[in-house]
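Asker: Structural data only, the sequence is not supplied:
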């Protein structure tokens, strides 16, 4: 079962009577995945999400690195090898939970602006200085070219 607002999902392994595992997708997961991948996990998460949205399979190395990072956040005893075995087993629960957490969240991408600042209002001109605070002050005039 997945919770898209919190970026979490749970699954049972090795079968429905097995232990419940919890996946979480957060910044720490991305940092753990970078250690495994050797490149930006933001790029990896976006690549995986786009591939799944287009009906393609993402790279297995990327998927396993993100799955391991999401799993180890709540289960520190899990090794990378155990995560690989879990994900590639005949039991689809781990893969289904991972898909739910990855597709259900909106991880920031490398090219996307991130933050909570306000956008600049449309039509506002940019300047190099600040407006005068004194009432009645004349605006600066442009210099005449010497032609």
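Answerer: That came in fine, so what should we check first? Small disclaimer: the values here were computed from a predicted structure and weren't measured.

Asker: Let's test this: mean pLDDT of stretch 51-71, rounded?
Answerer: Mean pLDDT, computed over stretch 51-71, is 89.

Asker: what's in contact with it?
Answerer: Stretch 51-71 is contacted from outside by 21, 23-25, 28-33, 36-37, 41, 44-45, 47-48, 78, 80, 83-84, 86-87, 94, 98-99, 101-103, using Cβ atoms under 8 Å, 6 or more residues apart in numbering. To be clear about C-beta, it is placed using only N, CA and C from the backbone, and glycine gets the same treatment.

Asker: now these: which count as buried?
Answerer: Among those, those classed as buried by 16 or more other Cβ atoms under 10 Å are 21, 23-25, 29-30, 32-33, 36-37, 41, 44-45, 48, 80, 83, 86-87, 94, 98-99, 101-102.

Asker: Inside helices: which ones of the residues you listed?
Answerer: 29-30, 32-33, 36-37, 41, 44-45, 48, 80, 83, 86-87, 94, 98-99, 101-102 (DSSP state H).

Asker: got the contact list for the closest residue to residue 73 other than its chain neighbours?
Answerer: In space, residue 73 comes closest to residue 24 once its chain neighbours are excluded; the distance is 4.8 Å by Cβ to Cβ, 6 or more residues apart in numbering. Residue 24 makes contacts with 6-8, 70, 73-74, 101, as judged by Cβ under 8 Å, 6+ apart.

Asker: Who is residue 24 paired with across the strands?
Answerer: Under DSSP bridges, the beta-bridge partners of residue 24 are residue 8.

Asker: next one: residue 12
Answerer: For residue 12, the beta-bridge partners under DSSP bridges are residue 20.

Asker: now it: how far from residue 40?
Answerer: 32 Å (Cβ to Cβ, to the nearest Å).

Asker: repeat for residue 13
Answerer: Separation of residue 13 from residue 40 (Cβ to Cβ) stands at 29 Å.

Asker: okay, these two: which has more neighbours?
Answerer: In this view residue 13 and residue 40 are compared by other Cβ atoms under 10 Å, and residue 13 has more residues nearby, 19 against 14.

Asker: contacting residues around that one?
Answerer: 19, 21, 86, 89, 91, 93-94.

Asker: likewise residue 103?
Answerer: Residues near residue 103 by Cβ under 8 Å, 6+ apart: 49, 52-53.

Asker: so which of those is the most crowded?
Answerer: Neighbour-wise, the contacts of residue 103 (other Cβ under 10 Å) top out at residue 49, 18 neighbours.

Asker: Cool, thanks, talk later.
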